[in-house]
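**Student:** what's the 3D shape of this:
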Amino acid sequence: MGTATLTPPAEAARPATGKRPGQRVRPARERAFWPFLLPALIAYSALFVLPSLFGVWVSFNKWAGPGSAMTWHGLGNYLELARSEAFRTSFVNTFVLAFGGGVLVFGFTFLSMMVLRQARGRAFIRSVIFLPMIVSVIAVGVAIGFLLNPDGAVNTVLGWVGVEGRPWLGPDMVFKCIVAGLVWSSTGFYVALMMSAADSIPPHLYEDAKLVGATKWEQFRHITLPLTWDVFAVSAVLWVVNSLKVFEIVIAFTTAGTPASPPVQARTVAVQQYASVAGNGVPELGSGAAMGVVILIVTAVLIVLTRRVTRRERVELS
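**Tutor:** Alright, predicted model coming up:
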């Protein structure tokens, strides 16, 4: 008589793929994901992650650049930054630019959203507001610097009407003028972002609000702002990142027509970092790297705080 071979239930239930029961089988699209992602990861690591880690290492050393010896300095660079009046001034200026400039930028942006929503020729007005973003920041800074020069057009016009000229580029006013110039040149970008979101709001919501007697401010507060809040949250993060690395407009604004370096009163951290690395004396790459690490940490913290402050439940139309 023949012998019958019985297959255990566990063996019979085993999948044809050879995987043990309970073992996760990756779908084909997940397996195909890595070959496409790997080249980008390698390039990103080689061009950004590794240089950033090297910059952190340099921040703990004294180094004048290639060709010179690198000596360990520990936390010395960071302690020197804490004692440096120039760095403290630039650090405060950077925060003033980020918060004060941000309030002005988004204040003008929200005002533009209220005014331009139903204004005639709003497309043309929006294009005019956006125009400064097309112009180079260097050109904007140089132009404003020449206009506010002691013998520039602004003081000349003031003289025509009998008003004494002001020292716009003096130590007490130069940074305020830089903030004003940056706000003027940047607002158009955020107006374009926020208005693109506002344009997608159905008009019947505003018509219903008018029927119940809602003012323009109430319409903005209860309709426009909630339905564009996601775009505002992204715009706020973009402003934080961009404002903490302002560099070109300060250089162009304060050195228009002169070879001098920007005065301390007008410097941001990025400008102070440039001055320490590319100044007339011995380059201090360790100090510059330490400034970069500090501003990187501050940027990360402010981004997290901005995301938390702007986090709200998404409003959707039914």
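**Student:** And the helices in the stretch 101-250 of the chain?
**Tutor:** Along the stretch 101-250 of the chain, counting by DSSP state H, counting those that start in this stretch, helices occupy 122-134, 137-147, 153-160, 174-198, 203-211, 216-219, 225-227, 229-243, 248-254.
**Student:** export those to CSV and tack on mean pLDDT?
**Tutor:** Output for those, formatted as CSV (pLDDT from 0 to 100):
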stretch, mean pLDDT
helix 122-134, 82
helix 137-147, 83
helix 153-160, 86
helix 174-198, 90
helix 203-211, 89
helix 216-219, 89
helix 225-227, 91
helix 229-243, 93
helix 248-254, 84
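**Student:** which of these is buried the deepest?
**Tutor:** Mean neighbour count (mean count of other CB atoms under 10 Å) peaks for helix 248-254 among the helices of the stretch 101-250 of the chain, with a mean of 23. (Glycine included, C-beta is placed from N, CA and C.)
**Student:** That one packs against which elements?
**Tutor:** Contact here means 3 or more CB pairs under 8 Å, 6 or more residues apart in numbering; DSSP states H and E; on that basis helix 248-254 packs against helix 137-147, helix 174-198, helix 269-278.
**Student:** How about residues contacting it?
**Tutor:** By CB atoms under 8 Å, 6 or more residues apart in numbering, the list of residues contacting helix 248-254 from outside reads 137-142, 144-145, 169, 174, 177-178, 181-182, 185, 260, 262-263, 266-268, 271, 274.
**Student:** Now find how far off-centre it is within its chain.
**Tutor:** Helix 248-254 sits 18 Å away from the centroid of its parent chain (CA atoms, centre = their mean, to the nearest Å).
**Student:** which non-adjacent residue is nearest Pro262?
**Tutor:** Spatial nearest neighbour of Pro262, chain neighbours left out: Thr254 (4.1 Å); criterion: CB to CB, 6 or more residues apart in numbering.
**Student:** what does Ile129 give?
**Tutor:** Using CB to CB, 6+ apart and skipping the chain neighbours, the partner closest in space to Ile129 is Gly188 (4.3 Å).
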